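Engineer: Pasting a predicted model and its sequence here:
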Amino acid sequence: MFSKKEKPLIAFTIEKCPSCKKETKRKFREGDCLFAPAPECTSCKIPTSISKIFGQSIE
Ligand SMILES: [Zn+2]
């Protein structure tokens, strides 16, 4: 799947609160997709949504 030169990628999911714009980064979980509802913001108590999914190489 990966060539030997490339570092393995870990997928991360960013959940963003629409109110305070706080972004929470967590590891990607199976079933995550863009704009899917995410757990509520700890400070605003309103549901957040997934704003970004990306892969990051581990050092
Ligand atoms: Zn918030």
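Structural biologist: Arrived safely, thanks for sending.

Engineer: which of the residues in the strand ranked longest in the chain are buried?
Structural biologist: Identified as the longest strand of the chain according to DSSP state E is strand 47-57. Buried residues in strand 47-57, counting neighbours by 16 or more other C-beta atoms under 10 Å, are found at 48, 50, 51. From N, CA and C alone the C-beta is placed, and that goes for glycine too.

Engineer: Tell me if I'm right that the last one and residue 23 touch.
Structural biologist: Yes - the pair residue 51 and residue 23 passes the contact test of C-beta atoms under 8 Å, sitting 7.0 Å apart.

Engineer: Show me whatever sits in contact with both of the two.
Structural biologist: 14, 15, 16 (C-beta atoms under 8 Å, 6 or more residues apart in numbering).

Engineer: wait, isn't the last one in contact with residue 25?
Structural biologist: Right, residue 16. No - here residue 16 does not reach residue 25: they are 10.2 Å apart, not a contact under C-beta under 8 Å.

Engineer: out of these two, which sits in the busier spot?
Structural biologist: residue 16 (17 against 11; other C-beta atoms under 10 Å).

Engineer: Look up which residues are beta-bridged to the more buried one.
Structural biologist: residue 23, residue 49 (DSSP bridges).

Engineer: Do you know the pLDDT at it?
Structural biologist: Predicted confidence (pLDDT) for residue 16: 98.

Engineer: can you tell me how far it sits from residue 7?
Structural biologist: When distance is defined by C-beta to C-beta, to the nearest Å, residue 16 is 27 Å away from residue 7.

Engineer: what does residue 49 give?
Structural biologist: Applying C-beta to C-beta to residue 49 and residue 7 gives a distance of 29 Å.
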